[in-house]
Structure formats: structure tokens, C-alpha cells
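1. the amino acid sequence is not available; the structure is as follows:
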């Protein structure tokens with residue numbers, strides 16, 4: 001593994017373990033932790049929007065002016081968009097919708113709290129502000145590190161990283177939602193915080209390995225099943241890989257300056 005990946009994983013560890021430090025040493029409530037997780041998605045995603053925009057300006061790679069994430073829409077829709085618009089739309093629509101759900105969920109839990117002592121679902125504005133600043137700081141340092149070599153990175157690197165980032169957005173939201181339900185179910189929210197942070201850390205580190213590459217040949221079971229239906233899966237598989245390679249090569253071509 002190259003030095004760059006180790007540095008990237010160091011940023012992931014810092015981002016994942018920071019909320020645990022907030023809970024253990026600064027007394028963050030359950031609601032503060034969940035809201036900081038949500039703010040991480042928003043701020044990290046915004047940093048990725050900046051990465052895409054600057055990479056497009058620096059490289060003018062052709063792939064920036066085509067759909068890259070939603071392949072079904074790319075095939076069916078005649079309307080065109082940019083990679084930046086496509087990524088930003090998915091990120092902000094999903095994240096803001098989840099933020100509304102999370103805020104309503106926390107408000108209901110706080111209102112219905114019947115346990116002893118103060119409600120762990122009460123939002124602590126000061127703690128949340130501190131958490132957001134910590135997230136923003138780590139995000140900014142990682143972005144500055146990437147900017148040192150962003151203009152030399154191929155479009156394929158950027159596309160793979162953004163696909164992984166969107167996958168993490170979905171997984172993080174699921175972790176937050178199910179973690180919140182567990183906390184509500186057992187009415188001992190703080191006992192689940194370590195599990196929640198640990199699961200998120202493992203998920204983030206696993207995602208940092210990058211997307212899984214398409215193998216050169218189809219799985220044997222799939223080829224055998226297709227053969228029973230009179231299909232030559234190996235030939236179709238080869239055609240798909242060749243088409244993906246052709247599209248990837250076209251994406252790297254630099255468009256002339258305006």
C-alpha cells in the first residue's frame with residue numbers, strides 16, 4: 001500500500017475516533033454524536049464537490065462532462081449533465097433529507113424521554129459546534145493534502161474516490177439510523193456509542209480500499225447458468241470490459257481550453 005493510502009486512512013481514523021473522544025472526555029450526548037456524524041457527511045461531501053470542481057478546472061478531462069454514477073440514466077436519458085452536478089445533487093438531496101429525518105427523530109425522542117436524569121437526546125449547541133469545527137478541521141487538512149497533487153491525478157482516480165464516498169454516505173446514514181433505534185429501544189443510549197463508533201470506523205476503513213475491480217472473466221456459476229439459456233456469457237463479459245476500458249480512456253482525454 002502506498003504512502004498516500006496510509007495518510008488517507010490516518011485521516012479516516014482521526015475522523016472516526018474524534019466523536020469517541022467527545023463522548024469520553026467532553027461528555028457529548030447521544031444527539032450530539034449523531035448530529036456530528038451527519039455533519040461529517042455534509043462537510044466531507046462538500047470537500048469532494050471542491051475536489052471535483054478543481055480537478056475539472058486543472059485537467060479538463062472529458063469525463064467531467066458526462067454522467068458517471070447513474071449508468072441507467074446515462075443510457076436512457078437524452079439530457080446531459082456534468083459529473084460535478086450529478087455528484088452534488090445526489091449528495092445534498094440525500095444528506096439534507098436525512099438531516100430532516102434525524103432532527104425530527106431526535107426531537108421526538110427528547111420529548112418522550114422518561115428515564116432518570118436529563119435527557120441524552122437534548123441537543124447541546126456548544127458541543128455540536130465544537131464537533132463540527134473538529135470535523136471541518138480534519139476535512140480541510142485532508143483536502144489541502146489532496147490539492148498538492150490533484151492536477152496530476154487521472155480522472156479514474158477521482159471517479160473511484162467519489163463512488164466510494166457516496167457509498168460511505170449511504171452506509172453512514174444507515175449506521176446512524178439503526179444506532180438511534182437501538183438507543184431508543186434499550187433506553188440506555190450511551191452504552192451503544194462505542195459500538196456505533198467502532199462499526200463506523202470499520203466501515204470507513206473497509207471502504208478506503210477502493211471499489212472492487214471487475215474480474216477478467218465472469219464467475220463460473222454465472223457462465224454455466226447463461227450457457228443453459230443459450231448465451232455466451234464470456235463473450236458478453238469481454239465486450240462489457242472492453243466498453244468500460246474504452247469509456248475510461250475517453251474520460252481521460254483533455255478538452256481544449258475555452
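-> Arrived safely. Being a predicted model, the structure only gives us computed values, none of them experimental.
2. what residues sit buried inside stretch 138-148?
-> Residues of stretch 138-148 classed as buried by neighbour count (16 or more other CB atoms under 10 Å): 138-139, 142-143, 146. Where you see a C-beta, it was placed from the backbone N, CA and C, and this is true even at glycine.
3. can you spell out the domain ranges of the chain, please?
-> 3-212, 215-258 (automatic domain parsing).
4. which one of those domains has the poorest average confidence?
-> If the domains of the chain are sorted by mean pLDDT, domain 215-258 sits at the bottom with a mean of 76.
5. could you give the separation of that domain from the chain centroid?
-> Offset of domain 215-258 from its chain centre (CA atoms, centre = their mean, to the nearest Å): 26 Å.
6. OK, contacts around the residue in the chain sticking out farthest from the centre?
-> Farthest-out residue of the chain from its mean C-alpha position, per CA atoms, centre = their mean: residue 230, at 39.8 Å. Listed by CB atoms under 8 Å, 6 or more residues apart in numbering, the contact set of residue 230 is empty.
7. tell me which element residue 241 is part of?
-> Per DSSP states H and E, residue 241 falls inside helix 233-252.
8. can you list the buried residues in that helix?
-> Under 16+ other CB under 10 Å, the buried positions of helix 233-252 are 233, 237, 251.
9. and the gap between the residue lying closest to the first one once chain neighbours are set aside and residue 41?
-> Distances taken as CB to CB, 6 or more residues apart in numbering put residue 226 closest to residue 233, at 3.7 Å, once the chain neighbours are dropped. According to CB to CB, to the nearest Å, residue 226 and residue 41 sit 39 Å apart.
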